[in-house]
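Peer 1: with the input below, show me the fold.
(one chain, ligands or ions: 1)
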Amino acid sequence: MDKVVINVEGMSCNHCENSVIKAISGLNGVNEVSASAANKTVVVEYDSTKVTNDDIKGAILQQGYDVIEEKGTYKE
Ligand SMILES: [Cu+2]
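Peer 2: Got it, this is the predicted structure:
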């Protein structure tokens, strides 16, 4: 399982966190998602053979939030 931390701009409350979590959870291959408006981060645990970072970023952008940078990917 791979894990990525993504810096996301624009999340301001619980509702924002939930929309991002819901969008990413809907992608095939995503195992676990957490989002923090306070930290401006989204952490995703996923299977890289099924879903890519670009797919995940796309889901965030589609919700109307900006992806600032990918802080790092690592295997778990
Ligand atoms: Cu919000």
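Peer 1: list the buried ones in stretch 62-76?
Peer 2: Residues Q63, Y65, V67 are the ones in stretch 62-76 that count as buried (16 or more other CB atoms under 10 Å). In short, each C-beta sits where N, CA and C put it, glycine included.
Peer 1: one more: stretch 45-60?
Peer 2: Y46, V51, N53, I56, K57, A59, I60.
Peer 1: skipping adjacent residues, who's closest to the first one in space?
Peer 2: Right, Y46. Nearest residue to Y46, sequence neighbours excluded (CB to CB, 6 or more residues apart in numbering): V30, at 4.8 Å.
Peer 1: test my guess that the one you found contacts V42.
Peer 2: No. Using CB atoms under 8 Å, V30 is not in contact with V42; the gap is 11.2 Å.
Peer 1: neighbour count for those two, which is higher?
Peer 2: V42 (27 against 20; other CB atoms under 10 Å).
Peer 1: the more buried one: which element?
Peer 2: strand 41-46 (DSSP states H and E).
Peer 1: other SSEs contacting that strand?
Peer 2: The contact analysis (3 or more CB pairs under 8 Å, 6 or more residues apart in numbering; DSSP states H and E) places strand 41-46 against strand 2-9, helix 14-25, strand 30-36, helix 53-62.
Peer 1: ok so, going back, now for V30 and V42: what residues contact both?
Peer 2: I24 (CB atoms under 8 Å, 6 or more residues apart in numbering).
Peer 1: spatially nearest residue to E32 (excluding sequence neighbours)?
Peer 2: For E32, ignoring the flanking residues on the chain, the nearest one in space by CB to CB, 6+ apart is E45 at 4.2 Å.
Peer 1: what's the neighbour count on S12?
Peer 2: The number of residues near S12, taken as other CB under 10 Å, comes to 11.
Peer 1: not counting its neighbours along the chain, what's nearest it?
Peer 2: A37 is the one closest to S12 (CB to CB, 6+ apart), at 5.7 Å.
Peer 1: would you confirm that the one you found contacts C16?
Peer 2: Yes. Counting by CB under 8 Å, C16 is a contact partner of A37 at 5.6 Å.
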